[in-house]
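[1] Okay, sequence plus prediction incoming.
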Amino acid sequence: MLHYLPGCDVKKNHKEACLRVESYMQSHQSLIDQCCRVTHQFLKDNETIVNNCTMCDIILRESHPTSDVLSLYEYILSDQHFPFVDHHGEHITIQDCFRTRENTSLQNAVRECLKRMNFTIVELDDNRDQSKYCGVWLNNEPSKECIRVAPNTFKNIIDYHLVLLPYEEQVKRMKENLKRYKTKTIVVYCNGCEKGIKLGGGQPLHMIELIAKGL
């Protein structure tokens, strides 16, 4: 059985785009699930779940270890007829996320989707497995719900990566971060990254908006 998880915050921030993608996934006989932070196992062994949220991804990999978890971007690359929109060589910077530093398949899929949309990709020095960026997510206490459903994942994050900072310092760091980007358009595929860039005064573009354009 194929499942699709829209991502709570992604859908809240990009409702129209998410609804288009949901319709696309339903046309591929996918069930639409609502939230990764549940106490019961909503997937059976060896089922596949597609998601477009980096938080969902890290939670599901711990909470449903016998299921195949893959990103929306990996899934659509298997569709030879997916309607990618041509962006005529526009330069775009990819902001990789701390949460995906070990997820090479997702990182590769994002780049391949952008290539098929005819973007010219600009890489940051601290990209892929070197990325420590997730906006201000690592500067605030994780949700208790997340800790409850994926305790091992979040214990590692809390023990080794969490650096709590006052709000004023968070804003200062996000403003400083904007100096790294050399292109007008910055693409993200994570809510935390999107929120952080906006907090610093930037206007990031979420991958879900690009994917939905042709649907």
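    On my side now, so go ahead.
[2] secondary structure class for K198?
    Per DSSP: H, G, I helix; E, B strand; the rest coil, the local secondary structure of K198 is helix.
[3] so what's it up against?
    The neighbourhood of K198, defined by CB atoms under 8 Å, 6 or more residues apart in numbering, consists of P204. Backbone N, C-alpha and C define where each C-beta goes, glycine included.
[4] T93: neighbour count?
    Residue crowding around T93 was assessed by other CB atoms under 10 Å; the count is 20.
[5] Following the helix or strand containing it in sequence, what is the next regular element?
    Following DSSP states H and E, the helix or strand that holds T93 is strand 91-94. Moving toward the C-terminus from strand 91-94, the first helix or strand encountered (DSSP H and E) is helix 104-116.
[6] Which positions within that next one qualify as buried?
    Residues 106-107, 109-111, 113-114 are the ones in helix 104-116 that count as buried (16 or more other CB atoms under 10 Å).
[7] What are the contacting residues of the very next helix or strand once past it?
    Proceeding N to C from helix 104-116, the next assigned helix or strand is strand 120-122, under DSSP H and E. Where contact means CB under 8 Å, 6+ apart, the residues beyond strand 120-122 that reach it are 89-94, 111, 114-115, 182-183.
[8] Do you have the strands of this protein handy? List them.
    2-5, 31-32, 48-51, 68-71, 91-94, 120-122, 185-188, 205-206 (DSSP state E).
[9] do you know which of these lies nearest Q170?
    Within those, the stretch nearest Q170 is strand 185-188; the backing value is 17.2 Å (CB to CB).
[10] For the closest one, which strands pair with it and how are they oriented?
    Sheet pairing for strand 185-188, assigned by DSSP bridges, gives strand 91-94 (parallel), strand 205-206 (parallel).
[11] Tabulate these (JSON lines), appending mean pLDDT and distance to I121.
    Shown next, in JSON lines, are the strands paired with strand 185-188 (pLDDT from 0 to 100; distance: least, CB to CB, whole Å):
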{"stretch": "strand 91-94", "mean pLDDT": "98", "distance to I121": "6"}
{"stretch": "strand 205-206", "mean pLDDT": "98", "distance to I121": "13"}
